[in-house]
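*Asks:* this is a predicted model, with the sequence first.
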Amino acid sequence: MATNTSVGLRSARGPILLSLMLSTALVALDATIIATASATIARDLGGFEQLPWLFSTYLLAQAVGTPLCGRLADVLGRKRMMLAGVALFFLGSVLCGAAWSMGALIAGRVLQGLGAGAVMPTSLTIAADIYTLEERAKTQGYLASVWAISSVVGPTLGGVFSEFVSWRWIFFVNVPLCAVAAWMLVRRYHESPREGAREPIDYAGAALLATGSTALLLGLLEGGSTWAWHSPASLAIFVAAVTLLAGFALRARRARYPIIDLSILRRRVIAVPSAAALMVGVIVLGLSTYIPIYAQGVLGVGPLVAGFTLAAMMVGWPLSATNAGHLYLRLGFRLTAVIGSALVLTGTALALLLGASTAVVAVAGVCFLVGVGMGLTAVPTLIAAQSAASFSERGAVTGTNMFARSLGSAVGVAVCGAIINSRTAVGADGVPEGPGLMSAMHVVFVVIAACAAVLVVLAALMPADRQQARERRAGSASTTPTRAA
């Protein structure tokens, strides 16, 4: 029998969890499904030179929208922001599916990115609102499993649609998912009314943050490819980013109701997880981008087998995330994160041993180990930060953490891409190749391992909470008979 204290899709809160999973599936599928159809899209619409913007504009819009929408969820309400995000994703998907030119398709991708920037932080915030500390890791496991499934299903669906139906269905398939997710949210998620007057929105601060973040991420994503790092365009965009973000920081200090209160970062339990999220972004991006290239370019396997090596990481992540709650309730957030980051460091250190004759199964094992470590690091650190925030801060804290991960991904693109480009040639299909590929991959793996070492240090810098863990466990044990009754 479903009870309000149980976790799962058949529990009383199951429909809300399912709607969050469906909303997350929109973002997760969109992150993987388009890759296998990009060449078909370019042939149909033309403008092959604009193809990279299908990905970069989406990432930019999502990354910029994440901290803003996280804060707006605190001000305007979770349900309103979640429905707004799903609606934006719906409109973007329709525009992409009906696109008559590459420009229209890119515009639709911007709308999808903004929708994703609202859906991701708000869904995690809602999960933190409706589930207890003991239950959150399990719900995170459910949400992480969506990414694992999408990493396998997405590229397959993209290939099937583009080859046998039409690439447009890559986007139209989101329409029923959006409708079902929105319907379940409207019917089953009832948000408590806020007490008191609503805080005013700092539009000037939001504009400074949005434009500054856009400039910074654009410089990181396009530097070294669209323009040289030392070019006037690159220097100008980074100067603009620094100026705008400095203006945002000054505005946040002076505004009575800043769009993001930077003082929350003075709390170690919030600042350290955000820094850890930055490292997580670099590591995950580095592996997810270059492990398949290594498998194909060095080991000589096909795209399907290369995808299998990466899927191992996406399987290990939700498996460990689902069980992370048992560890952090017993050991505390800090020790759990230290164990997880140590596993990540071990996996990335083993990646340094990969060579031209390594078995594919060994590569998959390395990725699986990193995924297990990530589930024990990214989830507990985020939950620790959310637990330290009040209800009115939780959306902003979640959005800031996810923005840090997006920033880490952009840094990973810049650093790893610069290493690969300096040591290899780009083939006709846009994939790095040549005799220097293995040595370039080794340098990339060194960078990733160094970031993993920093992640271990950051995990150790989390506030000590072993005693609190004992108290939580004792309190949970004392209430078990009551719940059972």
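*Replies:* That came through, no problem.
*Asks:* mind listing the helices for the stretch 351-485 of the chain?
*Replies:* For the stretch 351-485 of the chain, the helices defined by DSSP state H, counting those that start in this stretch occupy 360-375, 378-388, 391-423, 437-460, 466-484.
*Asks:* so for Leu217, which of those helices sits nearest?
*Replies:* The stretch from the helices of the stretch 351-485 of the chain with the least distance to Leu217 (C-beta to C-beta) is helix 391-423; that distance is 4.9 Å. (Each C-beta comes from the backbone N, C-alpha and C, glycine too.)
*Asks:* what pLDDT, on average, does that closest one get?
*Replies:* What helix 391-423 shows for mean pLDDT is 82.
*Asks:* shaky segments in the stretch 351-485 of the chain?
*Replies:* 423-435, 466-485 (pLDDT under 70).
*Asks:* so where do the strands sit in this structure?
*Replies:* For the chain, applying DSSP state E gives strands covering 425-426, 432-433.
*Asks:* right, so the helices of the stretch 351-485 of the chain: which one is the most enclosed?
*Replies:* helix 378-388 (a mean of 26; mean count of other C-beta atoms under 10 Å).
*Asks:* which helices and strands does that one pack with?
*Replies:* Applying 3 or more C-beta pairs under 8 Å, 6 or more residues apart in numbering; DSSP states H and E, one finds that helix 378-388 makes contact with helix 102-130, helix 133-164, helix 268-297, helix 303-331, helix 333-351, helix 391-423.
*Asks:* adding distance to Pro380, write those helices out as JSON lines.
*Replies:* JSON lines is the format used below for the helices and strands packed on helix 378-388 (distance: least, C-beta to C-beta, whole Å):
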{"stretch": "helix 102-130", "distance to Pro380": "13"}
{"stretch": "helix 133-164", "distance to Pro380": "7"}
{"stretch": "helix 268-297", "distance to Pro380": "9"}
{"stretch": "helix 303-331", "distance to Pro380": "5"}
{"stretch": "helix 333-351", "distance to Pro380": "5"}
{"stretch": "helix 391-423", "distance to Pro380": "12"}
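*Asks:* so which of those comes closest to Ala378?
*Replies:* Going by C-beta to C-beta, the one of the helices and strands packed on helix 378-388 nearest Ala378 is helix 268-297, 5.2 Å.
*Asks:* mean confidence score for that closest one?
*Replies:* For helix 268-297, mean pLDDT rounds to 87.
*Asks:* would you mark the buried spots in it?
*Replies:* Under the neighbour-count criterion of 16 or more other C-beta atoms under 10 Å, helix 268-297 has 269-297 buried.
*Asks:* thinking again about what came up before, among the helices of the stretch 351-485 of the chain, which is nearest Gly224?
*Replies:* It's helix 391-423; of these, that one is closest to Gly224 (C-beta to C-beta) at 5.1 Å.
*Asks:* the helices and strands packed on helix 378-388: which one's closest to Leu60?
*Replies:* helix 102-130 (6.7 Å).
*Asks:* wait, Lys138 touches Leu329, no?
*Replies:* No - if you go by C-beta atoms under 8 Å, Lys138 and Leu329 don't touch, sitting 11.2 Å apart.
*Asks:* can you get me a residue count around Gly347?
*Replies:* Per other C-beta atoms under 10 Å, the neighbour tally for Gly347 reads 26.
*Asks:* er, Ala356 actually
*Replies:* Look at Ala356: counted by other C-beta under 10 Å, it has 11 neighbours.
*Asks:* quick one, phi psi at it?
*Replies:* phi -70, psi -20 (degrees, to the nearest 10).
*Asks:* next up, the contacts around it.
*Replies:* 298-299, 438 (C-beta atoms under 8 Å, 6 or more residues apart in numbering).
*Asks:* try it again at 10 Å.
*Replies:* When contacts are counted by C-beta atoms under 10 Å, 6 or more residues apart in numbering, Ala356 touches 294, 298-300, 437-438, 441.
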